[in-house]
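J.: Output the structure for:
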Amino acid sequence: MFRKQIAVFTAFAERSVARFPAESRALGIGRSIIALAQATILIFTPASHLFVPVGGNEIEIGCSSPAQAASLYCLAPSADRQSLNLILLALLLIVASGFMPRFLTVVHFWVSLSVGQSISLPDGGDAVAQVVTFFLILACVNDRRTWHWQRPDGGVRHKGSVWQGIAWAGWWGLRLQVAYVYLNSSLAKLPVGPWSEGSATYYVVRMENFGAAGLFADAFRWATDFTLVALLSAWGTILAETLIALFLVRRGSWQVVAAVASVSLHVLIILQIGIVSFGFIMVGAVICAASRGLDTYAPQAARLLRAHAGQPEPVRKAGAAPRPEPVREPV
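T.: As a prediction, this is how the structure comes out:
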């Protein structure tokens, strides 16, 4: 009986690996969103704010651990930090362009490590980016396109390579890690009084240094004056995070629902209290984790919209590779 179960699981895993799309436009879009979100940190925040001086002296960057020692700021400790920021920014923009995804995922991880391990004022997005970009190295290892915007050709020639199995395992690791982040966030809120009683967002939007600001500040403060709105926004956040976590480990269209829920949640948070880079890093991470469902159902949705609008299907150029048929994933 035990051997039979192993044989069934092995056959199931082999089918899943063989059907895994190593060349994914959705995965590329998620990578670009993460890289651009990280780039905004370096564009809009000078080095004097990323490395906060203490007592008038420039802060010392910790380089004791192996991860810290690999940071650009530790490899070039005497260089001007603003110049180092510009180097990392240039690398992030190249990554966001989609060039050579198989190799530049390594560069992306190194940039994420440099920023996350060295700056004085990290946020949750920096930590998430380090983990996600590590798994992207594995998930993109069999993506042999020059640009990740190119249409996938199915990668038939490389389906049987060991890289295909590594890519599948890397994507699953990414998928489980992002689901864990959301599930952990939702469960951590439950024992906290303001969240469990539904008043958390009421107080958050009114915080002096972290509350609602900008164009919609008054609107959010006015809306959360209503008890029902405050309750729905607090408990709705917990519910949304839980559903995103659960849907990411489901297949097909459930992954699309997770991506839509993540975009909606983080756009609302950005409009409410800012934290733009964190929000878009999380959105990019969810798009990467849900890439298989998005690759299958997004083209179908686009064709339905074109048909509803009475627009003809785009004509492919002569000699162009045929569009691969979407395959429903077994897991």
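
J.: Could you use CA atoms for every contact and neighbour count after this?
T.: Noted.

J.: separation between Gln177 and Thr105?
T.: 17 Å (Cα to Cα, to the nearest Å).

J.: what about Ala26, neighbour count?
T.: Residues within reach of Ala26, counting by other Cα atoms under 10 Å, total 23.

J.: actually Val162, sorry about that
T.: Val162, neighbours per other Cα under 10 Å, totals 11.

J.: same question, Ala22
T.: Neighbours of Ala22 (other Cα under 10 Å): 29.

J.: If we ignore the residues flanking it in sequence, what's nearest Val106?
T.: In space, not counting the residues next to it along the chain, Val106 is nearest to Ile137; the distance is 5.8 Å by Cα to Cα, 6 or more residues apart in numbering.

J.: Next, Phe216: phi, psi?
T.: phi -100, psi 10 (degrees, to the nearest 10).

J.: Report the contact partners of it.
T.: Shown in contact with Phe216 (Cα atoms under 8 Å, 6 or more residues apart in numbering): 271-272.

J.: And the pLDDT at it?
T.: Confidence at Phe216, expressed as pLDDT, is 86.

J.: repeat for Ile238
T.: 97.

J.: ditto for the one 4 residues further on
T.: Per-residue pLDDT puts Thr242 at 97.

J.: quick one: it and Ser186, what's the gap?
T.: 6 Å.

J.: Can you name the element that comes right after the helix or strand that contains Leu268?
T.: Applying DSSP states H and E as the criterion places Leu268 in helix 253-273. Later in the chain than helix 253-273, the nearest helix or strand by DSSP H and E is helix 276-289.

J.: Might you list the low-confidence residue ranges for the protein?
T.: Judged by pLDDT under 70, the chain has its weakly predicted residues at 1, 8, 53-58, 154-160, 301-331.

J.: could you measure Leu88 against Val256, distance?
T.: 32 Å.

J.: Between Gln177 and Thr105, which has more neighbouring residues?
T.: Each of Gln177 and Thr105 had its neighbours counted (other Cα under 10 Å), and the higher figure belongs to Thr105 (24 against 19).

J.: check contacts around the more buried one.
T.: 95, 133-134, 136-137, 140.

J.: what comes into contact with the host helix or strand of Val128?
T.: Element membership of Val128, judged by DSSP H and E, is helix 124-139. Identification of contacts with helix 124-139 by Cα under 8 Å, 6+ apart yields 22, 34, 38, 102-103, 105-106, 108-109, 112-113, 115-116, 166-171, 173-174, 177-178, 277-279, 281-282, 285.

J.: now those: which count as buried?
T.: The neighbour-count criterion (16 or more other Cα atoms under 10 Å) marks 22, 34, 38, 102, 105-106, 108-109, 112-113, 115-116, 166-171, 173-174, 177-178, 277-279, 281-282, 285 among those as buried.

J.: Determine the longest helix present in the chain.
T.: helix 162-189 (DSSP state H).

J.: after that helix, next one along is what?
T.: Following helix 162-189 toward the C-terminus (DSSP H and E): helix 193-197.
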